[in-house]
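S.K.: Output the structure for:
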Amino acid sequence: MAVGRRKIPTLRSDVVEGRLTSELAHHFNARSRKRASDYLSGTAEKYLDFSTDGARTEMVGTDWYELGFRWIVGTEVCAIGGFCSCPAFERAGSCKHLWALLLLIESRRRGPALPDGIEVLYESLSTLEELDDDDFEWLEYFGLSQEEIEGSVGSPETDDADGEGSRGSAAPRQLALAPALARTLISYRDPWTAAGAQEHTIRYVVSAVGAADDELIVLVFRHRRLRNGEWDGGRPATVGGPRDPGFDDPVDARIHGMLTGSRGDVYRYWSSPKSTGQYAVSVELALTLMPALARTGRLWIVAGGDGKGKRLGPYCYDEQPTWHFTPTLEPLPDGKELQIAGRLVRAGEELDLGAVEALTPGGFLFARGCMAHVEPLAAVEFARSLRQKGPVLVPWAARKAAIEFLARVPGFDPERIEGLELAPQTPPIPHLFVEPAQQRFGRTADLQCAISFDYGGARVAATHPGAFATDGAGRLVPRDLGAEGEACAAFLHAGGRRSVGDYDEPDGCIVPGTKLQQLVLALLGQGWTVNARGHQWRQPSGTRVSVTSGIDWFELEGGVDFGDGVTVSLPALLAAAREGAQTVELGDGSVGILPERWLESWGLLELAGETKGDKLRFSRNQGWLLDALLAEREGVRVDAGFAQLRRKLAGFRGVAPKREPRGFRGELRTYQREGLGWFAFLRELGLGGCLADDMGLGKTVQVLALLEARRAGRRRKGGVDRPSMVVAPRSVVFNWIAEAERFAPKLRVLDYTGKDRFDRAEDADDADLWVTTYGTLRRDAAELVEREFDYVVLDEAQAIKNPQSQSAKAARLLRAEQRLALSGTPIENHLGELWSIFEFLNPGMLGRSRGFKQFTRGQGARGAEAPDLARLSSAIAPFFLRRTKAEVLDDLPEKTEQVLHCDLTGAERREYVKLRDYYRAALTDKIEDLGIERAGIQVLEALLRLRQAACHPGLIDRARKAESSAKVDLLMENVENVLAEGHKALIFSQFTSLLSIVRDRLQGRGIVYEYLDGRTRKREEKVARFQTDPDCPLFLISIKAGGAGLNLTAADYVFLLDPWWNPAVEAQAIDRVHRIGRTKPVIAYRLIARDTVEEKVVELQAAKRDLADAVLGQNRVGLRDLTREDLQQLLT
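M.R.: Residues are numbered from 1 along each chain as shown. Next up is the predicted model:
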């Protein structure tokens, strides 16, 4: 498919950039703004949700992203915080998704009110939860507090005294101006303004109907003075046209700015032109706006929402205390009916609802020529209904129902009802109801919840606006709103969120699907009850584990009790956890919380065992593993068969050293004799093991001593005479043969390599030891599997780290009484390599490959602290024997490792920077679109080219091989110094092309050297020459071909020309020199180009030394562990 430049779609016609986007544009790069148009529909619109002080939505790109804005507006400053879960936002604090959301906000005119001259500040938020933070802690990003933004939210004149808002709790806030400002909006007017006021005026008309329960309609009219001195009927004051002289007054100018920055013109509700002068004002804005309008002395009310009808006014602002509405229930004189009415009271004063000329949404009361405010806000709609329709008559028989109804109305005072019995207050028990999970595009959506409180059988919803609950006997139970508030705070603290209802949907709460278990466990621990699908959710109440044995197997049976006799078996729990579930459906229909921590420790057992009904079955050779993994658990019941195995295993805890056999020439060191004892220990158990000693500690010698002991034992006891076989890399076959001749000359060795191996195979029946290569093993697998061996030993066993490779498959097919693996680096990159070696050593012990891969997924450099790694290490410890040089060799000479830095020349630096900038730009877009894993090939190419550019220009362009480079010049300078002092040295590189350039330099100066890479034949001759010929001081070696298995102790110096991700590879190369038999110190130099990717690689090595260390006590790292952050570091 041809790849071309992607066409950027044009913006939708109904989405335009306005004040908000112009203020924030400099926070978003041009690329983000251009690409935002891709996200202006679909999920962005479907899940678009506005609150009074923010907006949020969800978008689908490379992944599913959640995003939103939060704002607070003061008199001089508007602070806006944004968040998106996409990677681009994490890097830059802005992204194309947020810009698309800004465009959608403006298209719907739902952004913050931005009066002229206000300063707009923007900061990126750290978490999605901060979009719902009612405490405005996110203002810390601006270095401001809520109070420091002039006209802080929550001032006494704008907040409800009872803590009750328009939705039954603290009212959401969109815009708050200081009350002092609202009171002083009538300010100085210059003479020209005063003169103009004689000829025209502005009147503000509020509809008594309102646009919605939480919005008012404000109409603005401009009146001209007639010749008779009266004002005309007025016309709508236009918006957006030429400057209207009616707004010359600074008071009107400020009000005009507040209105034009409000939630939008009323044309959203009616098909009126934009310039009607009609505005839908939120209740939150009206709390500040309405007093300002009344203080002008030009506030009127009208019955119709379109401004038509009789106007009443003008009204001034009532500076007296707020009116308080209280519903009443009184019997009529006939004793047959009750009357539901209401009272408005304040400071000993009472106002009849019938005397109120208008009561608008938001609690604005018009009477006696003044505008005042009514509380509580949640009772205003009921008060409006009583004012419009009059008192409600209720039959005496419905008295109980009437009381239950009034108990829901805020401000209800039961003491005013004669004969009403109140139930004693009891501590509330919080209850959480969780709706069934829904799927959105394959992703579990947030779970809808409802919170209620139980007062001794009287249940009341958290959103219930009244101060009382009603029990089954019709008695009122006083609510403990303080305790309920603490419970709701606990819900939020545990990870829940409050959701604000839209239109006719009630307020509620939500729980992110990923936090459900964490939240429910936290709440259950605090005395909550939880229901889902009408059934109770249960915590685990206990666990049980037992082991039984059969002829050749062990069965593990276990489960978790959830109370009332409800239990779930261990395999069922593990299967649910493996699928990512947080709960499990119990037999009675209730929901059980999976015991996450308890289940974590069973992962190894599940992957190793085979599910048989409600049990896990293990083979006999897995008994040790089962015992090790159960050792840390208490209360495990075992039968006699498994108890006998445990006693037997306990006797193997200490491994006794064994002396070398008589036919062995040489004397083993103490730790090598312990190795022989460990071999005997494994043989007695009938299990294989991996000798993972440090390079240079004599793994070959220990195996040769073992094989000599086996040969002598067969001769002595007359056992079946089967040969053993060593499979090794081609480069070390000659070393095995030479070492066998030196230390175990009685062993008859068959060199089963090369084209003439079949001719030598005639002596196979007389041989004690076959030595072959992995390549030969693959080619001759069909013939080799027909033979039975005593021991099969894999040297450099990491060669079978890929379980799907032909070498690994062929090795597993070999038939042997005992199996061993030798490797100083059994885990180079990831834990999957461990499974492959173990499957060769002890088939089935670590279970199936797919299960082990799932278990170890994500256990890279950042997962080394996981408890599972510690359990894995403990479980396999008996089958891995590892000693380091520092532990066992006191007499080994010192090894010094140093870094030689070189500075690139001017031309090299310019070319490197150009290459780096090119790849950085290319990879940023690629990774943003595909993710780092899918862009892996491009990432590897970039890193390879940068590493080559740091070494020599000839690695990028072959035509430039003859040129010099800073690194090669530094190498030659140090090599000449080493040779002048009479020393020998090894020079390693992973680039054979770089070694070729060094060869040309050496030849030009007449320096003798040996050379070895993957194509070299007769390696033993080259090694022997370097070791014995004083006229051959240098050995150039490809680190992949000769970094392991060679004994090169004649060298005193090692030069590593380029760093690699895996520090173990470099350690192996150095250990070609630093090994047993050495008497002089070793000095290793790493040549690193300063301010290049090479320095970053060295830093990554230091930061990622934990995976194999957690399992074997050695450090490994691989490219698969690279993260986006690592890549950014490499490309800086």
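
S.K.: for this structure, longest helix please?
M.R.: Counting by DSSP state H, the longest helix found in the chain is helix 906-930.

S.K.: avg pLDDT for the helix or strand following that helix?
M.R.: Of the helices and strands lying after helix 906-930 in sequence (DSSP states H and E), the nearest is helix 936-949. Per-region confidence: helix 936-949 scores 79 on mean pLDDT.

S.K.: now helix 936-949 against helix 906-930, angle please.
M.R.: Going by axes from the mean of the first three to the mean of the last three C-alpha atoms, to 10 degrees, helix 936-949 is angled at 170 degrees with respect to helix 906-930.

S.K.: Can you give me the buried ones in helix 936-949?
M.R.: Residues of helix 936-949 classed as buried under the neighbour-count rule (16 or more other C-beta atoms under 10 Å) are 938, 939, 942, 943, 945, 946, 947, 948, 949. Where C-beta positions appear, they are placed from N, C-alpha and C, glycine not excepted.

S.K.: Between helix 906-930 and whichever helix or strand comes after it, find me the angle.
M.R.: Later in the chain than helix 936-949, the nearest helix or strand by DSSP H and E is helix 966-980. Interaxial angle, helix 966-980 versus helix 906-930 (the same axes, to 10 degrees): 120 degrees.

S.K.: Please name every helix or strand in contact with helix 966-980.
M.R.: With contacts defined as 3 or more C-beta pairs under 8 Å, 6 or more residues apart in numbering; DSSP states H and E, helix 966-980 has these neighbours: strand 895-902, strand 985-989, helix 992-1004, strand 1053-1056, strand 1082-1089.

S.K.: okay, the ones you listed in CSV with mean neighbour count and mean pLDDT next?
M.R.: Formatted as CSV, these follow (neighbours: other C-beta atoms under 10 Å; pLDDT from 0 to 100):
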stretch, mean neighbour count, mean pLDDT
strand 895-902, 14, 84
strand 985-989, 25, 92
helix 992-1004, 17, 92
strand 1053-1056, 25, 92
strand 1082-1089, 22, 89
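
S.K.: out of those, nearest to residue 51?
M.R.: Within those, the stretch nearest residue 51 is strand 1082-1089; the backing value is 54.2 Å (C-beta to C-beta).

S.K.: Now residue 365: which helix or strand?
M.R.: For residue 365, the host element (DSSP H and E) is strand 364-367.

S.K.: Give me the helix or strand of the protein that scores worst on average pLDDT.
M.R.: Using mean pLDDT, DSSP states H and E, helix 179-183 stands out as the lowest-scoring helix or strand of the chain, at a mean of 32.

S.K.: gap between residue 813 and residue 552?
M.R.: According to C-beta to C-beta, to the nearest Å, residue 813 and residue 552 sit 22 Å apart.

S.K.: which of the two has more neighbours?
M.R.: Set residue 813 next to residue 552 and count neighbours by other C-beta atoms under 10 Å: residue 813 wins out with 13 against 8.

S.K.: check contacts around that one.
M.R.: Each residue near residue 813 by C-beta atoms under 8 Å, 6 or more residues apart in numbering is listed here: 781, 785.

S.K.: how near is it to residue 898?
M.R.: Residue 813 is 47 Å from residue 898, where distance means C-beta to C-beta.

S.K.: SS state for the residue located most distally from the centre of the chain?
M.R.: Within the chain, residue 228 marks the point farthest from the mean C-alpha position, 74.9 Å out by C-alpha atoms, centre = their mean. Three-state call for residue 228 (DSSP: H, G, I helix; E, B strand; the rest coil): coil.

S.K.: try the one 5 residues further on
M.R.: Reducing the assignment at residue 233 to three states with three-state DSSP gives coil.

S.K.: so who does it touch?
M.R.: Neighbours of residue 233 in contact, by C-beta under 8 Å, 6+ apart: residue 223.

S.K.: Could you check the pLDDT of the residue farthest from the centre of the chain?
M.R.: For residue 228, the model assigns a pLDDT of 82.

S.K.: before we move on, back to that, can I get the CA coordinates of the strand holding residue 365 in CSV?
M.R.: This file holds the C-alpha atoms of strand 364-367, laid out as CSV (Å, rounded to 0.1, in the frame of the first residue of the first chain):
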residue,chain,number,x,y,z
PHE,A,364,-35.0,34.9,43.8
LEU,A,365,-38.0,36.4,45.4
PHE,A,366,-39.8,39.6,44.3
ALA,A,367,-42.1,41.3,46.7
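
S.K.: And that strand, what does it pack against?
M.R.: Using 3+ C-beta pairs under 8 Å, 6+ apart: strand 364-367 touches strand 358-360, strand 370-375.

S.K.: Give me the buried positions along the last one.
M.R.: Of the residues in strand 370-375, those scored as buried under the neighbour-count criterion (16+ other C-beta under 10 Å) are 371, 372, 373, 374, 375.

S.K.: same for it, what does it pack against?
M.R.: With contacts taken as 3+ C-beta pairs under 8 Å, 6+ apart, strand 370-375 sits against helix 283-295, strand 311-317, strand 323-331, strand 364-367.

S.K.: Could you rerun that using 10 Å?
M.R.: Judged by 3 or more C-beta pairs under 10 Å, 6 or more residues apart in numbering; DSSP states H and E, strand 370-375 is in contact with helix 283-295, strand 299-302, strand 311-317, strand 323-331, strand 337-346, strand 358-360, strand 364-367, helix 380-389.

S.K.: what's the angle from it to strand 311-317?
M.R.: Going by the same axes, to 10 degrees, strand 370-375 makes 70 degrees with strand 311-317.

S.K.: and strand 370-375, how far out from the chain's middle?
M.R.: 50 Å (C-alpha atoms, centre = their mean, to the nearest Å).

S.K.: Would you mind getting the angle between it and strand 323-331?
M.R.: Angle, strand 370-375 to strand 323-331, by the same axes, to 10 degrees: 60 degrees.

S.K.: Can I get strand 370-375 as CSV, trimmed to CA atoms?
M.R.: Provided in CSV are the C-alpha atoms of strand 370-375 (Å, rounded to 0.1, in the frame of the first residue of the first chain):
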residue,chain,number,x,y,z
CYS,A,370,-37.4,44.5,46.4
MET,A,371,-35.6,41.4,45.3
ALA,A,372,-34.4,39.0,48.0
HIS,A,373,-33.1,35.4,48.1
VAL,A,374,-34.8,32.3,49.5
GLU,A,375,-33.2,29.3,51.1
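
S.K.: partners of it in the sheet?
M.R.: Strand 370-375 pairs in its sheet with strand 311-317 (parallel), strand 323-331 (parallel), strand 364-367 (antiparallel), by DSSP bridges.

S.K.: Can you report how many residues lie near residue 758?
M.R.: With other C-beta under 10 Å as criterion, residue 758 counts 12.
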